[in-house]
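[1] Mind looking at a prediction? Sequence and model below.
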Amino acid sequence: MLRLFFATDIHGSDICWKKFLNAGKFYQANVLVLGDHIHEAKGAVRLKQTLDKEIPVE
């Protein structure tokens, strides 16, 4: 099963960056995604459409 951790808008915070890097192990995520500003709902819709597809995990 694919487990994805998504975070956004850390704004150069060293504390948030370190937490993001450690989140994979903590949440047992296979993939970490650091997004940029999501100003419109379109970005969230695109992410959901992508995640609804079957993604093979090796």
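    Received, thanks.
[2] From here on, just use CA atoms for contacts and neighbour counts.
    Will do.
[3] Show the contacting residues for the closest residue to residue 30 other than its chain neighbours.
    Excluding the flanking residues, the one nearest residue 30 by Cα to Cα, 6 or more residues apart in numbering is residue 3, at 5.3 Å. Residues near residue 3 by Cα atoms under 8 Å, 6 or more residues apart in numbering: 28, 29, 30, 31.
[4] Now do the first one: how many residues are near it, please.
    Yep, that's residue 28 we're talking about. Per other Cα atoms under 10 Å, the neighbour tally for residue 28 reads 13.
[5] got it, and the last one?
    Other residues lying near residue 31 total 11 when counted by other Cα under 10 Å.
[6] List the beta-bridge partners for it.
    residue 4 (DSSP bridges).
[7] Surely it touches residue 1?
    No - counting by Cα atoms under 8 Å, residue 31 does not reach residue 1; the two are 11.3 Å apart.
[8] Give the helix, strand or coil label for residue 7.
    What DSSP: H, G, I helix; E, B strand; the rest coil gives for residue 7 is strand.
[9] can you pull out the helices in the protein?
    14-26, 41-51 (DSSP state H).
[10] now the angle between strand 4-8 and the first one, please.
    Translated: helix 14-26. Helix 14-26 runs at 170 degrees relative to strand 4-8, counting by axes from the mean of the first three to the mean of the last three Cα atoms, to 10 degrees.
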